[in-house]
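J.: predicted coordinates and the sequence they were generated for:
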Amino acid sequence: MAGVKTLLQSSNRSAIWRVELLGRPTFVSKEFTFSDADSNLEISLHEKLNSVPGVVRGIGSSFEGKPRLLSEYCARGSIKAFFVLRNEPLSEAELLGLYSQMARTVRLVHEQGVIHGAISAENWLLTANMQPKLIDFGHAQDLSVSEPIAYKAQSSKKLPEHLSMNDATSLSMVFYQMATREFNAEVFGMSVTAIKFACRQQGYSHKVHDEICQLSPYPEEFDLETFEMPGVMEAPEEAPDYFFFLPR
């Protein structure tokens, strides 16, 4: 089947391509350099989390030749790229609604026993309708498998607090970066005063910087499990009824 493949990102471990085929939705192919435990785990985690709203929806996978993971295409790119190019901040409602969806996604992932381990503004993508989607489980841990005693002994699916704290603090840093459009700051070393000043400079009221100061940079005050704000969470669309191998 004829099509166009455009390289989006590459590393020693993998190459990520946008694939456009006539009459088909655009999608993404992540092609791993070689098959190993890490690439196999990443593919299996995407399959495990495919029904979680807010995780990039997988379309299929293949181990013919090199391992591949096919997934939906998020038209607006990464949150970092979106905010760097944007000329003005989001409104307070847009910012807090966006962050609410992200916090819920991370909580739902944790409920599946998975720690992402690399949450950043680069690993959140935005769809055309501004829904944030989490990608790149290459550094993730499936605690339901790797730590059966620590995790399975729990009476519920909630992870032990110390195991989810890295994801929680990383998420709060992304929130600060979205609010201020500052992607190079050492967020965890900033004082509350500095955070409030930076938010006021961007035109946000106390409502926004109060949320940031409650959640970042102090991990002991971050309660990911109970953080709730009104926000739209869309269930993933059903996977298309076709699957094909990509042209080499």
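T.: Received the coordinates, thanks.
J.: please count neighbours and contacts with C-alpha atoms only from this point.
T.: Noted.
J.: pLDDT score assigned to Phe227?
T.: Looking at Phe227, its pLDDT is 44.
J.: Val4 sits in which helix or strand?
T.: strand 3-10 (DSSP states H and E).
J.: buried sites along that strand?
T.: Using 16 or more other Cα atoms under 10 Å as the test for burial, strand 3-10 gives Lys5.
J.: which elements pack onto the helix or strand following that strand?
T.: Per DSSP H and E, the first helix or strand lying C-terminal to strand 3-10 is strand 14-21. Applying 3 or more Cα pairs under 8 Å, 6 or more residues apart in numbering; DSSP states H and E, we find strand 14-21 packed against strand 3-10, strand 27-32.
J.: export those strands to TSV and tack on distance to Asp136 and mean pLDDT?
T.: Formatted as TSV, the helices and strands packed on strand 14-21 follow (distance: least, Cα to Cα, whole Å; pLDDT from 0 to 100):
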stretch	distance to Asp136	mean pLDDT
strand 3-10	12	83
strand 27-32	10	87
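J.: so what's the residue count around Ala103?
T.: Residues lying near Ala103 (other Cα atoms under 10 Å) number 24.
J.: if you could redo that for Val106, that was the one I meant.
T.: Counted with other Cα under 10 Å, Val106 comes out at 25.
J.: from the chain's centroid, how far away is the helix or strand harbouring it?
T.: Under the criterion of DSSP H and E, Val106 resides in helix 92-111. Chain-centre distance of helix 92-111: 10 Å, with Cα atoms, centre = their mean, to the nearest Å.
J.: mind listing what's buried along that helix?
T.: 95-110.
J.: cool, stretch 12-25 as well?
T.: Buried, per 16+ other Cα under 10 Å, within stretch 12-25: Ser14, Ala15, Ile16, Trp17, Arg18, Val19, Glu20.
J.: before we move on, the earlier item: packing partners of the helix or strand following the helix holding Val106?
T.: Next helix or strand after helix 92-111 toward the C-terminus (DSSP H and E): strand 114-115. With contacts taken as 3+ Cα pairs under 8 Å, 6+ apart, strand 114-115 sits against strand 141-142, helix 143-146, helix 161-180.
J.: okay, now the sheet partners of the helix or strand following strand 114-115, with direction.
T.: Moving toward the C-terminus from strand 114-115, the next helix or strand (DSSP H and E) is strand 124-126. Here strand 124-126 has these sheet partners by DSSP bridges: strand 77-78 (antiparallel), strand 132-134 (antiparallel).
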